[in-house]
Each structure stands twice: as structure tokens, then as C-alpha cells.
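Chemist: have a look at this fold, sequence not included:
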């Protein structure tokens, strides 16, 4: 039985996967693309410009590097965490009392800073409930697709064993059996 992916973890996975490194397609490469994605994911409506796009791309790639660290590729860099912290600061994160008695973080800024603040809140929630360590980026150097590791022992390394995992197995096999 697989556990459901928490909505905040799913949002982060979807955000990182707006760029397909294999095909070069990037859904956030233009202000209109960014605005549409944010709106489709409940983070809009937001109006932005090229400078706004650049800030969003910096956050996305910082998250990708952090997810690679979760997959055992390098270590989480303080610079990447600083980008997440900056998104939280600009998003003016505040604690709000909910009807169930909990205090929940919420971005109070409007516009693009608020949208990025809500992504920072998603990171915060994921680090608190344990789903952060299950969010990983594929180890394949030409992929780095974000996925949610549902394995009991958190051992998944590839976004898809049938695609990236299989390619890596073939590379290793060929290298091992190459003529010397």
C-alpha cells in the first residue's frame, strides 16, 4: 500500500518539474507561462515580468539541488536554503490560528512574493511532517525529475526504474563489459 503524497509535497514536486531537462521544455520561462502555472496551482492570479520569472527560476533550481541532496547527490547547500528563506521573508510568513487549534504558517504578502511565500510554506510543512526527505530528484544527470519516494526504506534513486534506472543499468553493464 502506498501512502498518499501530502498536497504540499505534491506542489513542490510539480513546481520543480516545470522544467524538463531532457527536452529543454520550461513551463515557467515566460511571464505568461509562470502566471498560468501559478494560477493552475492555486497560487495566483499573479502578474509578473521577466525579473519575476528569474526570481522564480532561482527558487525552483535551488529546490532541485536540495532534492538532489535528498537523493544522495551532494549535500544541501546553505545558499540554496537561503533562497528558500528569502522567499519566506518576502512572502511575509505569519502564523495563523486555525479552527482546529493549530498555528499554521501562511504567506501574507500579495502578488508574486506571496506566491513564492506559499511555496516556502510548503517546504516548511514538508520538513515538519517528514515528507521532505521523501522528495527527491532523479540521480540521472540528464533528468533530475522530482519524485516522491514511496519506498518503505526511502531507497528510490530514479524517477522511473523503467526509464532512468534502466538506462543507468545499461551504462554500467556496457562499461563493465567493454573491451579493454
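Modeler: Perfect, I can see it now. All of these numbers come straight from a predicted model, not from anything done at the bench.
Chemist: top helix in this protein by residue count?
Modeler: Identified as the longest helix of the chain according to DSSP state H is helix 50-70.
Chemist: which residues touch that one?
Modeler: Under the contact criterion Cβ atoms under 8 Å, 6 or more residues apart in numbering, helix 50-70 has outside partners 12, 15-16, 18-19, 28-31, 34, 48, 74-77, 79-81, 83-84, 87, 112, 116, 119, 123, 132-137, 139, 144, 146. Where C-beta positions appear, they are placed from N, C-alpha and C, glycine not excepted.
Chemist: count of neighbours near the residue nearest to residue 75 when sequence neighbours are not counted?
Modeler: Among residues not flanking residue 75 along the chain, residue 69 sits closest, at 5.6 Å (Cβ to Cβ, 6 or more residues apart in numbering). Neighbourhood size, residue 69 [other Cβ atoms under 10 Å]: 16.
Chemist: same check on residue 17?
Modeler: 17.
Chemist: can you pull out the helices in the chain?
Modeler: 7-16, 31-40, 50-70, 78-90, 111-129, 166-176.
Chemist: chain center to the fourth one: distance?
Modeler: This means helix 78-90. 14 Å (Cα atoms, centre = their mean, to the nearest Å).
Chemist: over to stretch 20-38?
Modeler: 14 Å.
Chemist: which other residues reach that stretch?
Modeler: Contacts of stretch 20-38 (Cβ under 8 Å, 6+ apart): 18-19, 44-50, 52-53, 56-57, 60, 115, 142-145.
Chemist: what's the span of it, first residue to last?
Modeler: Stretch 20-38 has an end-to-end distance of 17 Å (Cα to Cα, to the nearest Å).
Chemist: what comes up buried for it?
Modeler: 21, 26, 27, 28, 31, 34, 35, 37, 38 (16 or more other Cβ atoms under 10 Å).
Chemist: save the residues you listed as JSON lines, and put in pLDDT and distance to residue 64 too.
Modeler: Supplementary listing: these in JSON lines, determined by pLDDT from 0 to 100; distance: Cβ to Cβ, whole Å:
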{"residue": "21", "pLDDT": "91", "distance to residue 64": "9"}
{"residue": "26", "pLDDT": "98", "distance to residue 64": "12"}
{"residue": "27", "pLDDT": "97", "distance to residue 64": "14"}
{"residue": "28", "pLDDT": "98", "distance to residue 64": "12"}
{"residue": "31", "pLDDT": "97", "distance to residue 64": "21"}
{"residue": "34", "pLDDT": "98", "distance to residue 64": "16"}
{"residue": "35", "pLDDT": "97", "distance to residue 64": "21"}
{"residue": "37", "pLDDT": "98", "distance to residue 64": "16"}
{"residue": "38", "pLDDT": "98", "distance to residue 64": "18"}
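Chemist: so which of the residues you listed comes closest to residue 98?
Modeler: residue 38 (23.8 Å; Cβ to Cβ).
Chemist: which non-adjacent residue is nearest the closest one?
Modeler: residue 44 (3.9 Å).
Chemist: alright, that wraps it up for me.
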